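Novice: based on what follows, work out the 3D shape:
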Amino acid sequence: MIDRQEVSSLVEKAIENTDAFIVELTVSADNDIVVELDSPTGIDLDFCAEVSRKLNEALDRDKEDYSLEVGTASLSAPFKVLQQYEKHLGDSVDVLTKDGRKLTGVLTDVTPVEFTIEVTRKVKEPGAKRPSLVAVPETLAMDQCRQVCYHFDFK
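Specialist: Next comes the predicted model:
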């Protein structure tokens, strides 16, 4: 079986000197290798093909047969690594918490253990006749969330 750590090192070498990062890398028992990449500036097909070519050159099919798939992180897929949160600072995100709450807000801050979104809520200010919409910051621990993903606004 092909070693996952070896493949990870090869991918890191293939993407060095770029702004790309590994989102997910799997190697199955049948040597099916799947590499998911992302970048703050986006990943195109040519870049994936180049990484795939470099991996094929470094791995020996005669020694051990494998299949290889190199692609980009789906925009609709949940975030898996810190760099994806950082990439989407300032964007609207959907959050599903482990206690079942669904939140949509603008991602304003992120650390390795938590992130902050601004959620629009109706708040009645003292002395006001009606509630107004106010952006309220909400900080959530990463481990409190089932998933966080980019929010598509189809207006």
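
Novice: and the residue lying closest to Ala49 once chain neighbours are set aside, how close does it get to Asp143?
Specialist: Beyond its immediate neighbours in the sequence, the residue positioned closest to Ala49 (Cβ to Cβ, 6 or more residues apart in numbering) is Val70, lying 7.7 Å away. Just so you know, the C-beta spots here come from the backbone N, C-alpha and C atoms, and that holds for glycine as well. Taking Cβ to Cβ, to the nearest Å as the measure, Val70 falls 30 Å from Asp143.

Novice: more crowded one of these two?
Specialist: Neighbour totals were compared for Val70 and Asp143, and Val70 leads with 24 against 8 (other Cβ atoms under 10 Å).

Novice: list the helices and strands the helix or strand hosting the more buried one packs on?
Specialist: Assigned by DSSP states H and E, Val70 belongs to strand 67-72. Helices and strands in packing contact with strand 67-72 are listed as strand 32-38, helix 45-58; criterion 3 or more Cβ pairs under 8 Å, 6 or more residues apart in numbering; DSSP states H and E.

Novice: wasn't Thr139 part of a helix?
Specialist: No: per DSSP: H, G, I helix; E, B strand; the rest coil, Thr139 lies outside any helix segment and is strand.

Novice: any idea how far Lys102 is from it?
Specialist: Computed with Cβ to Cβ, the distance linking Thr139 and Lys102 is 17 Å.

Novice: hmm, back to that, okay, the helices and strands packed on strand 67-72 in CSV with distance to Phe79 next?
Specialist: Supplementary listing: the helices and strands packed on strand 67-72 in CSV, determined by distance: least, Cβ to Cβ, whole Å:
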stretch, distance to Phe79
strand 32-38, 10
helix 45-58, 20
